[in-house]
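1. Model the following, please.
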Amino acid sequence: MILHGKNNIAGALSAQGSQHIEAIDPATQQALPGIFTLATPVEIDQALDAAREAFVEYRRKSPQQIAGFLTAIGEHILALGPVLIDRTMAETGLPQARLEGERGRTVNQLNLFAQTLLEGSWVQARIDTALPERQPVPRPDVRSMLIPIGPVAVFGASNFPLAFSVAGGDTASALAAGCPVIAKAHPAHPGASELVAGAINTAAAQCGMPAGVFSMIHGDVDESRYLVQHPALKAVGFTGSLRAGRALYDLAAARPEPIPVYAEMGSVNPVFILPDYLKNHGAGIAAGLCGSITLGVGQFCTNPGLIITSDTAGLPELLDALGQQIGNTPPGPMLNAGIHAAYRSGLERLEHHAGVEIIAKAQASTGVNGAAAAVLKVPAAQFIADESLQEEVFGPSSLVVVGRGADDLYRIVEQLHGQLTATVYGTGADFLAFPDLLDQLAQKAGRLLFGGFPTGVEVCDAMVHGGPYPATTDARSTSVGTAAIFRFVRPVAFQNFPDHLLPEALRDGNPLEIRRRVDGKWV
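-> Numbers count the residues shown, from 1 in each chain. Reported below is the predicted structural model:
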């Protein structure tokens with residue numbers, strides 16, 4: 001396998017710059033084959049100019065044409081076969097089975113959005129026909145629908161090099177909406193990014209899409225800033241850290257024309273174990289909790305970083321069982337040296353925090369970038385008093401917060417930052433004792449779970465992968481599921497237009513045969 005290491009500008013390879021990066025094997029810290037050239041401002045201009053030009057044609061493509069394009073992207077990703085999996089394994093340290101599953105998820109996302117386009121109701125066509133005889137003022141004919149907003153920048157995530165990267169959910173939803181995409185490859189997996197970008201461009205050419213419908217650039221901080229500030233850009237999709245996501249959000253808000261940044265920035269995903277459940281069943285979920293805490297070496301945005309109780313009956317049994325599970329968990333390599341260093345620093349901060357007790361810690365790794373799992377404990381009073389204990393420690397650890405009664409539990413909920421998920425374990429008696437808990441948690445998280453574990457995000461119509469800040473920059477949106485398409489569209493109303501000048505979705509005969517709201521009724 002030979003990688004060209006160039007930027008992909010509207011289907012053409014380009015390497016005008018003098019700055020380069022290499023991919024590093026996280027298990028050995030050795031450089032992998034391939035030198036990747038960072039994009040210059042001129043190349044970013046070329047990508048955005050091509051996207052702006054392509055948008056004129058692409059937004060007019062039929063649902064069938066764009067659906068065919070999305071399906072073809074998935075087919076060409078699968079056609080890369082073991083070459084893609086092997087390179088991604090080398091760049092991330094993730095196991096083969098995990099990456100094969102993630103590749104399947106990536107293709108399934110593309111296919112699901114293709115089905116969404118063919119079904120058609122996502123455009124939310126609304127029609128209020130004219131009432132010329134209405135008194136005292138006649139009603140005009142008003143019809144509205146959603147249309148694409150324009151070129152979108154997508155920033156790939158380090159922890160999901162396929163499903164949240166170059167052809168991941170942000171790219172799939174933006175392309176489905178009718179928006180060209182400029183992907184910024186993650187510097188931790190530039191080779192995998194290059195391979196997937198090639199698959200997208202092959203699909204674009206095969207399906208007759210305008211060249212500028214997709215570009216991919218390599219870059220770091222400066223290139224990211226330039227991309228987000230480019231006047232042709234209309235929105236940003238991002239998955240990563242709070243620091244980087246907030247920086248992009250602030251840049252976009254300070255532009256002469258502010259644009260939305262849909263940043264998913266992580267979460268501590270609290271798990272609440274209510275008293276009756278804890279007393280009678282708590283120890284039984286220890287193995288599942290450990291598996292969720294340590295899944296992917298704790299490098300999921302939905303790993304449970306907080307376990308919250310309001311009583312101690314049954315807690316020793318849970319902590320003993322969980323501690324044994326954590327202590328026996330073998331260390332695993334993290335995605336890169338930077339993530340590993342941040343995990344060690346965050347864990348040390350917790351370990352040395354006054355009032356925090358180490359319950360169990362796995363044996364330290366002797367390998368490069370190896371992370372040891374840990375579970376710690378803190379009284380609710382100290383957790384409530386110190387906001388820093390809510391900060392995400394990205395890796396295989398969790399903090400148990402021990403409360404004393406309902407007041408502590410409700411105060412913890414009140415203090416919680418915005419979350420992607422919140423999980424509740426409780427019996428019927430528990431929910432009678434805490435009648436307001438679910439309502440309050442709905443104000444804090446984008447997805448509530450009744451039992452189970454938050455790791456594992458189903459790609460489906462109903463999924464919400466989002467939540468109040470700082471989990472995301474816009475709690476009204478999701479980055480997973482078909483509702484993700486709504487981030488990259490805007491409503492437009494057409495008043496008193498003759499039928500033949502209306503978009504097909506709004507015409508009287510409903511040629512697309514989609515579900516529409518006509519004069520107050522869905523038909």
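
2. what secondary structure does the spatially closest residue to Trp522 that is not a sequence neighbour sit in?
-> Leaving aside its chain neighbours, Trp522 sits nearest to Arg515 (6.1 Å; criterion: CB to CB, 6 or more residues apart in numbering). Where C-beta positions appear, they are placed from N, C-alpha and C, glycine not excepted. Following DSSP: H, G, I helix; E, B strand; the rest coil, we place Arg515 in the coil state.

3. just checking, Arg515 touches Trp122?
-> No - Arg515 is beyond contact range of Trp122, at 9.7 Å (criterion: CB atoms under 8 Å).

4. ok, back up a step: what about the residue nearest to Trp522, how many residues nearby?
-> 14 (other CB atoms under 10 Å).

5. That one: what's it in contact with?
-> Contact analysis of Arg515 by CB atoms under 8 Å, 6 or more residues apart in numbering lists Gly120, Ser121, Trp522, Val523.

6. Just the buried ones from those residues?
-> Gly120 (16 or more other CB atoms under 10 Å).

7. Could you export the contacts of Arg515 as a markdown table, including distance to Asp508, pLDDT and secondary structure?
-> Shown next, in a markdown table, are the contacts of Arg515 (distance: CB to CB, whole Å; pLDDT from 0 to 100; DSSP: H, G, I helix; E, B strand; the rest coil):
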| residue | distance to Asp508 | pLDDT | secondary structure |
| --- | --- | --- | --- |
| Gly120 | 16 | 97 | coil |
| Ser121 | 18 | 97 | helix |
| Trp522 | 17 | 96 | strand |
| Val523 | 12 | 95 | coil |
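
8. Lys361: which of the contacts of Arg515 is nearest?
-> Nearest to Lys361 among those, counting by CB to CB, is Ser121 at 51.3 Å.

9. my read: that closest one touches Ile514, true?
-> Yes - if you go by CB under 8 Å, Ser121 and Ile514 touch, sitting 5.3 Å apart.

10. Give me the sheet partners of the lowest-mean-pLDDT helix or strand in the chain and which way each runs.
-> Between all helices and strands in the chain, the lowest mean by mean pLDDT, DSSP states H and E belongs to strand 332-333, at a mean of 91. The sheet places strand 332-333 alongside strand 370-371 (antiparallel), with pairing taken from DSSP bridges.

11. Contacts for the partner strand next, please.
-> 297-298, 331-334, 340, 343-344, 364-365, 395-396.

12. ok, 6 Å please
-> Here strand 370-371 makes contact (CB atoms under 6 Å, 6 or more residues apart in numbering) with Val297, Pro331, Pro333, Met334, Tyr343, Gly395, Pro396.

13. Most neighbours among those, which one is it?
-> Met334 (31 neighbours).

14. Mind listing what's buried along the host helix or strand of Ala114?
-> Secondary structure assignment for Ala114, by DSSP states H and E: helix 96-119. Across helix 96-119, burial judged by 16+ other CB under 10 Å covers 98-99, 102-103, 105-107, 109-114, 116-117, 119.

15. Repeat that for stretch 25-34.
-> Buried, per 16+ other CB under 10 Å, within stretch 25-34: Asp25, Pro26, Ala27, Leu32, Gly34.

16. That stretch - what's its average pLDDT?
-> Here stretch 25-34 scores 94 as its mean pLDDT.

17. Please work out which residues outside that stretch touch it.
-> Leu3, Gly5, Glu22, Ala23, Ala90, Gly93, Gly191, Pro333, Leu335, Asn336, Val368, Asn369.

18. if you set the cut-off to 7 Å instead, what comes out?
-> Here stretch 25-34 makes contact (CB atoms under 7 Å, 6 or more residues apart in numbering) with 3, 5, 22-24, 90-93, 191, 333-337, 367-369.

19. Which of the residues you listed fall in helices?
-> Mapping the contacts of stretch 25-34 onto helices (DSSP state H) picks out Ala90, Glu91, Thr92, Gly191, Ala337.

20. Now do Ala31 against His4, distance only.
-> Separation of Ala31 from His4 (CB to CB, to the nearest Å): 17 Å.

21. pLDDT score assigned to Ile200?
-> 98.

22. which residues of the protein score low on pLDDT?
-> Along the chain, the parts satisfying pLDDT under 70 run over 1.

23. that older thread, now the buried residues of stretch 25-34 in a markdown table, with secondary structure and distance to Ala253?
-> Listed next are the buried residues of stretch 25-34 as a markdown table, based on DSSP: H, G, I helix; E, B strand; the rest coil; distance: CB to CB, whole Å:
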| residue | secondary structure | distance to Ala253 |
| --- | --- | --- |
| Asp25 | strand | 38 |
| Pro26 | coil | 34 |
| Ala27 | coil | 39 |
| Leu32 | strand | 37 |
| Gly34 | strand | 36 |
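
24. Now flag whichever of those residues is closest to Gly428.
-> Pro26 (46.6 Å).

25. Skip the chain neighbours and tell me the closest residue to that closest one.
-> In space, Pro26 is closest to Gly93, 4.3 Å off (CB to CB, 6+ apart).

26. Now for the one you found: which residues touch it?
-> Counted by CB under 7 Å, 6+ apart, Gly93 has contacts Pro26, Ala27, Pro333, Leu335.

27. same thing but at 8 Å, please
-> With CB under 8 Å, 6+ apart, Gly93 has these contacts: Asp25, Pro26, Ala27, Pro333, Met334, Leu335, Asn369.

28. Equivalent analysis for Phe272, please.
-> Ile308, Thr309, Leu409, Ala422, Thr423, Val424, Tyr425, Gly426, Leu437, Leu441.

29. Go ahead and report the secondary structure state at the first one.
-> Taken by three-state DSSP, the conformation at Ile308 corresponds to strand.

30. neighbours around it, how many?
-> Ile308 has 24 nearby residues by other CB under 10 Å.

31. On the three-state scheme, Val375 is what?
-> strand.

32. number of nearby residues for the residue nearest to Glu391 when sequence neighbours are not counted?
-> Nearest residue to Glu391 in three dimensions, chain neighbours excluded: Gly346, at 7.3 Å (CB to CB, 6+ apart). Counted with other CB under 10 Å, the neighbours of Gly346 add up to 17.

33. And Gly346, its phi and psi?
-> phi -70, psi -40 (degrees, to the nearest 10).

34. List the residues that contact the closest residue in space to Val459 that isn't next to it in sequence.
-> Spatial nearest neighbour of Val459, chain neighbours left out: Gln109 (5.4 Å); criterion: CB to CB, 6+ apart. Neighbour list for Gln109: Ala163, Gly168, Gly169, Ala172, Val459 [criterion: CB under 8 Å, 6+ apart].

35. cutoff 7 Å now
-> So Gln109 contacts Ala163, Gly169, Ala172, Val459 (CB under 7 Å, 6+ apart).

36. Ok, Phe488 next?
-> Counted by CB under 7 Å, 6+ apart, Phe488 has contacts Pro148, Ile149, Val152, Ser173, Ala174, Ala177, Cys179, Ala235.

37. Go through these and name the one nearest Gly74.
-> Ser173 (14.2 Å).

38. Which residues are in contact with the closest one?
-> Phe113, Ala484, Ile485, Arg487, Phe488.

39. Among the contacts of stretch 25-34, name the buried ones.
-> 3, 5, 23-24, 90-93, 191, 333-336, 368-369.

40. Going by distance to Glu257, which of those residues wins?
-> When the buried ones among the contacts of stretch 25-34 are compared against Glu257 (criterion: CB to CB), the nearest one is Gly5, at 33.6 Å.

41. I'd like to know how far Val150 sits from Ile66.
-> Let me fix one detail, which is that residue 150 is Gly and not Val. 15 Å.

42. same deal with Gly266?
-> 31 Å.

43. Counting neighbours, what do you get for the closest residue to Ala12 other than its chain neighbours?
-> Once flanking residues are discounted, Ala12 sits nearest to Ala211: 7.6 Å by CB to CB, 6+ apart. Residues within reach of Ala211, counting by other CB under 10 Å, total 18.

44. for Ala211, what are its contacts?
-> Counted by CB under 7 Å, 6+ apart, Ala211 has contacts Ala10, Gly11, Ala50, Ala54.
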